[in-house]
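# quick one, structure for this:
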Amino acid sequence: MIHKKIAPLILNVMEQILGHLLFKILKMFKKNNKVVSKGSYFYMRLINSKGFTIIELIIAISIIALISTIGIASFAGRGKIAELDAAINSVSSYLQLARSRAISQVKPQDPVICTGTLEGYKVVISQANNSYELDIVCGGTTSKISEEVLPTNFSFDNDTTSTSFFFPILTHGVNGSGVISISGYGKKKTITVDSVGGINIK
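As a prediction, the model looks like this:
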């Protein structure tokens, strides 16, 4: 990206200008100019200059503003990536939980949720509501255990190939293998669930 290429140059120029301004400030409070090498550019400028020029101030302020803008944009971009990572990891944790509970054949402590024979656990994706839920299947009846909604501006996009993943207790695999795709702010991440129940984020 362009800002990555010009950033080192901008920082170098900014260092030169701010360094010059700093030395002038130091000169105002300290008469001993030995703090700066007599052979340096800054020393010569200090001897021959009595104040800041308009051009120097404009350049310094412009560079500070540019660096600040780039920094804010970069920070905002990292925040969006972190938000996407959190969303995809949350969906993945639902899948991992359904799989592990099916393998261990664990029933919820609340007997009302599962009144029959435990058959497995299921994760259901709702593209219409951008939500996902963890269900338990007992005696042919499906009951919801928990549900969450994706953050604002994120959605399950059209690259999602499967919206129901059932992990039966007997086969330790999954019925409904496929891809879950989440996108937002021009970024995308996917979860692939294979036929044996493997869960991978890309």
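
# lowest confidence element among the helices and strands of this protein?
In the chain, no helix or strand scores lower on mean pLDDT, DSSP states H and E than helix 41-48, which sits at a mean of 52.

# need the longest helix for the chain.
helix 54-104 (DSSP state H).

# just list what that helix packs against, helices and strands only.
Where contact means 3 or more Cβ pairs under 8 Å, 6 or more residues apart in numbering; DSSP states H and E, helix 54-104 is packed against helix 2-29, strand 118-126, strand 131-138, strand 141-149, strand 164-168, strand 178-184, strand 187-193, strand 199-201. Backbone N, C-alpha and C define where each C-beta goes, glycine included.

# what are the pairing partners of the second one, and which direction each?
Strand pairing for strand 118-126, using DSSP bridges, gives strand 131-138 (antiparallel), strand 164-168 (antiparallel).

# mind listing what's buried along the last one?
In terms of neighbour count (16 or more other Cβ atoms under 10 Å), strand 164-168 has its buried residues at 165-168.

# so for it, mean pLDDT?
Mean pLDDT, strand 164-168: 97.

# what's the angle between it and strand 187-193?
Orientation check (axes from the mean of the first three to the mean of the last three Cα atoms, to 10 degrees): strand 164-168 against strand 187-193 gives 30 degrees.

# can I get the CA coordinates of strand 164-168 in PDB?
Extracted C-alpha coordinates of strand 164-168, given in PDB (Å, rounded to 0.1, in the frame of the first residue of the first chain):
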ATOM      1  CA  SER A 164     -26.900 -26.400   9.700                       C
ATOM      2  CA  PHE A 165     -24.200 -28.500  11.300                       C
ATOM      3  CA  PHE A 166     -25.400 -31.600  13.200                       C
ATOM      4  CA  PHE A 167     -22.900 -33.500  15.300                       C
ATOM      5  CA  PRO A 168     -24.400 -36.900  16.200                       C
END
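
# compute the inter-axis angle for the longest helix of the chain and strand 118-126.
Orientation check (the same axes, to 10 degrees): helix 54-104 against strand 118-126 gives 150 degrees.

# just want the angle from helix 54-104 to strand 141-149.
170 degrees.

# for helix 54-104, what does the pLDDT average out to?
Mean pLDDT, helix 54-104: 81.

# can you give me the angle it makes with strand 178-184?
Using the same axes, to 10 degrees: helix 54-104 against strand 178-184 is 150 degrees.

# just to revisit the earlier point, which one of the helices and strands packed on helix 54-104 has the lowest average pLDDT?
Mean pLDDT is lowest for helix 2-29 among those, at a mean of 56.

# partner residues bridging Ser146?
Applying DSSP bridges, one finds that Ser146 bridges with Leu134.

# tell me the contacts of it?
Contacts for Ser146 (Cβ atoms under 8 Å, 6 or more residues apart in numbering) come out as 94, 133-134.
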